[in-house]
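Colleague: A structural model of the following input is requested.
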Amino acid sequence: MKVAVVMGGYSDESVISLRSGKLILSNLDKSKYEAFEVHILSDGWYALAADKKYPINRADFSVEIDGRHIKFDVAVNTIHGTPGEDGHMQAYWELLDLPYSGCGFYQSALTFNKRDTLSVLSKFNIPRAKSIYLSKGQEIAVEKIVAELGIPFFVKPNQSGSSLGVSKVNDVADFDKALEFAFAEDHDILIESYLKGTEVSVGVLNYKGRTTVLGLTEIVSQNDFFDYEAKYEGKSEEITPARLDQETEKRVRETAAKAYEALGMSGFSRTDFIVMDGIPHFIEMNTNPGLSQQSIFPQQAAHAGIAFSDLLDNEIALALKRKPLWKK
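Modeller: Numbers count the residues shown, from 1 in each chain. As a prediction, this is how the structure comes out:
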């Protein structure tokens, strides 16, 4: 089976995605799959083989490598950010009738949009922070934000990952700088109340036909919050399993599975919560979680005793069963 392991993307998260792709390549069973390293980057689409770049034909997502025409049987998608985590690549593959891993294009677009995700989950009574939505050009008085959300509060790009563009505002004097930082990533932003509690990250997937909570990881950041530096540059402690009492752990697991199913998810996901007074408050869902050696999702798989190669087999099997929306 010819597998395109698709990595990269057009955002600053591309570096992390390339690491994730390498881990997938090293864990795919070579007796079952012929794997190809495919980069989707702002400078082009290509397969990488023996340090040579071979352009991807965007008409059918095929490639010519040393005179051999490769038509992929399935795409394993590990692009972080746009265009692989916001539904663009998924919609393209659907039109080509090419099976792909992870969730569908609608779920990708929905979960990449923080405001819309929170709006959907509000119908399922899943606790979350208070929030204010703001578009570039709109004016809002910081005094009104403080009155509604309190201080400190967070300013986040509406569509961005890896905590890019996120600021914690501890003083109103820092508000304008936080706006500028967030608007550099997206035209729309979300301003959220601060939740003081234990941060946990929960891996959830469809494993062997069932919604399965892979594990709970407690995040202890050395920085003011779990920002890009804390996530990827060693400025945090990640404790698996999370140090929660049995009842709270059960509540987090149930809420994570509920959110996964409410959003119509499939494939790998990592959902972040702040546990406050024993109640998990939803922060966001990541539908293409980092899969590098340092990432949380592989740590949880190892703790659960599930070989990463088995998870990849499961993902590919799910991808092959999916029918494009226009064929249903």
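Colleague: Packing partners of the longest strand anywhere in the chain?
Modeller: Longest strand in the chain by number of residues, with DSSP state E as the criterion: strand 210-221. Helices and strands touching strand 210-221, as assessed by 3 or more Cβ pairs under 8 Å, 6 or more residues apart in numbering; DSSP states H and E, comprise strand 198-207, strand 236-239, helix 246-262, helix 296-304. Where you see a C-beta, it was placed from the backbone N, CA and C, and this is true even at glycine.
Colleague: Next, find the distance separating Leu320 from Met7.
Modeller: Distance, Leu320 to Met7, by Cβ to Cβ, to the nearest Å: 20 Å.
Colleague: Please point out which parts of the longest strand of the chain sit buried.
Modeller: Residues of strand 210-221 classed as buried: 212-219, 221 (neighbour count, 16 or more other Cβ atoms under 10 Å).
Colleague: Check what contacts that strand and list those residues.
Modeller: Contacts to strand 210-221, defined as Cβ atoms under 8 Å, 6 or more residues apart in numbering, come from residues 198-207, 226-227, 230, 235-244, 249, 252-253, 256-257, 260-261, 296-297, 299-301, 303-304, 306.
Colleague: Only the buried subset of those residues, as a ChimeraX command please.
Modeller: The ChimeraX command for the buried members of the contacts of strand 210-221 (criterion: 16+ other Cβ under 10 Å) is given here:
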select :198,199,200,201,202,203,204,205,206,207,226,227,230,236,238,240,242,244,249,252,253,256,257,260,296,297,299,300,301,304,306
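Colleague: re the thing from before, of all the buried residues of strand 210-221, which comes closest to Ile140?
Modeller: If you rank the buried residues of strand 210-221 by distance to Ile140 using Cβ to Cβ, Ser221 comes first, at 28.1 Å.
Colleague: Tell me the bridge partners for the residue most central in space within the chain.
Modeller: By Cα atoms, centre = their mean, the chain has its centre lying nearest to Asn286, at 2.5 Å. Listed beta-bridge partners, Asn286: Arg270 (assigned using DSSP bridges).
Colleague: hang on, it packs against Ser269?
Modeller: Yes. Asn286 is within contact range of Ser269, at 6.6 Å (criterion: Cβ atoms under 8 Å).
Colleague: of all the buried residues of strand 210-221, which comes closest to Ile56?
Modeller: The shortest separation between Ile56 and any of those is 31.7 Å, and it belongs to Leu214 (by Cβ to Cβ).
Colleague: What does the pLDDT read for the closest one?
Modeller: Model confidence at Leu214, expressed as pLDDT, equals 94.
Colleague: Ok, Phe226 next?
Modeller: For Phe226, the pLDDT comes out at 53.
Colleague: With Leu164 instead?
Modeller: pLDDT, the model's per-residue confidence, is 79 for Leu164.
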